[in-house]
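Chemist: This is the structure alone, sequence omitted:
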């Protein structure tokens, strides 16, 4: 998850998701992830106090500020590079499990009040972002 000034996802030259200031969230799903974790992740992202207040202190959440979140499925987050020089993706969930959970994160964020843009599942995506800070965190629930 990255705090960004702006971010967008392009597929085949078409912008499929774009936000201004907010959060760019790369969501990785593994085999034992469940819908309850998607809900917890969305709530954590929505309330995480990493946005600057008027004094420049990370004291506010995206809920308190822009409300904009870009959600992108990213199976490569589960790439295992401990052996050899080619990552293995064995810990990444199959698309049939991962896609509904990534969609659940986006849906829950919308329920919480976020303006959500998304990448496109199973597509070759070009992700552009301007990191704000930079503030980049790995969030696990």
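Modeler: Nice, I can see it. All values reported here derive from a predicted model rather than from experimental measurement.
Chemist: Which residues are in contact with residue 66?
Modeler: Contact analysis of residue 66 by Cβ atoms under 8 Å, 6 or more residues apart in numbering lists 19, 20, 21, 22, 51, 115. Where C-beta positions appear, they are placed from N, C-alpha and C, glycine not excepted.
Chemist: cool, and residue 29?
Modeler: 73, 75, 78, 92, 93, 97, 98, 101, 102.
Chemist: Can you tell me how far it is from residue 50?
Modeler: Per Cβ to Cβ, to the nearest Å, residue 29 is found 23 Å from residue 50.
Chemist: Which of the helices or strands spans the residue nearest in space to the middle of the chain?
Modeler: Centroid-nearest residue in the chain: residue 25, 1.6 Å away (criterion: Cα atoms, centre = their mean). Using DSSP states H and E, residue 25 sits in strand 22-27.
Chemist: and the angle for the very next helix or strand once past that strand with strand 22-27?
Modeler: Next in sequence after strand 22-27, counting helices and strands by DSSP H and E, comes helix 35-47. Helix 35-47 and strand 22-27 meet at an angle of 160 degrees, taking axes from the mean of the first three to the mean of the last three Cα atoms, to 10 degrees as the criterion.
Chemist: Next one: residue 141 from residue 24, what distance?
Modeler: Distance from residue 141 to residue 24, by Cβ to Cβ: 18 Å.
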